[in-house]
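*Asks:* Pasted the sequence and its predicted model underneath.
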Amino acid sequence: MKVGDLVRYTRDMPTSFAEFQHRLRNNDLGLVIDVIPNKTTVKVRWIKDGNEFWMGKNHLEVVSGRQETESS
């Protein structure tokens, strides 16, 4: 996953306090806005409410990635 990827939450039940607190549900969509250097944790801005928080990549699936162009 990289910054700019659209991701989907893939769990039926939240597995962490942050996920529970923000009421994430299966198939919620978000945008990756930051990635820590070891690439195990990403910061996601959720489309449904605009909240953003750090979480592991285990329960996220990339829906569509950022497209590379000739100029980038």
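*Replies:* Thanks, I have the structure now. Keep in mind that what you see is a predicted model, and the values were worked out from it rather than measured.

*Asks:* Now do the same contact list for the closest residue to Asp5 other than its chain neighbours.
*Replies:* Nearest non-adjacent residue to Asp5, counting by CB to CB, 6 or more residues apart in numbering: Val32, 4.6 Å away. Where you see a C-beta, it was placed from the backbone N, CA and C, and this is true even at glycine. Taking CB atoms under 8 Å, 6 or more residues apart in numbering, we find Val32 in contact with Met1, Lys2, Val3, Gly4, Asp5, Leu6, Val7, Val42, Lys43, Val44.

*Asks:* gap between the residue nearest the centre of the chain and Asn26?
*Replies:* Nearest residue to the geometric centre of the chain (CA atoms, centre = their mean): Val44, 4.2 Å. Per CB to CB, to the nearest Å, Val44 is found 15 Å from Asn26.

*Asks:* low-confidence ranges in this structure?
*Replies:* 65-72 (pLDDT under 70).

*Asks:* And the helices in it?
*Replies:* Here the chain has its helices, by DSSP state H, at 17-21.

*Asks:* quick revisit: which residues does the residue nearest to Asp5 bridge with?
*Replies:* Val44 (DSSP bridges).

*Asks:* among the contacts of Val32, which ones are buried?
*Replies:* Asp5, Leu6, Val7, Val42, Lys43, Val44 (16 or more other CB atoms under 10 Å).

*Asks:* The fourth one: what's it in contact with?
*Replies:* Read it as Val42. Contacts of Val42 by CB under 8 Å, 6+ apart are Met1, Val7, Val32, Asp34, Val35, Ile36, Trp54, Met55, Lys57, Leu60.

*Asks:* Also His22?
*Replies:* Going by CB under 8 Å, 6+ apart, His22 touches Trp46, Asp49, Asn51, Phe53.

*Asks:* how close does it get to Pro14?
*Replies:* With distances taken as CB to CB, His22 is found 8 Å from Pro14.

*Asks:* go on, Trp54?
*Replies:* With the distance defined as CB to CB, Trp54 ends up 14 Å from Pro14.

*Asks:* which of these two has more neighbours?
*Replies:* A count of neighbours by other CB atoms under 10 Å puts Pro14 above the other of Trp54 and Pro14, at 17 against 12.
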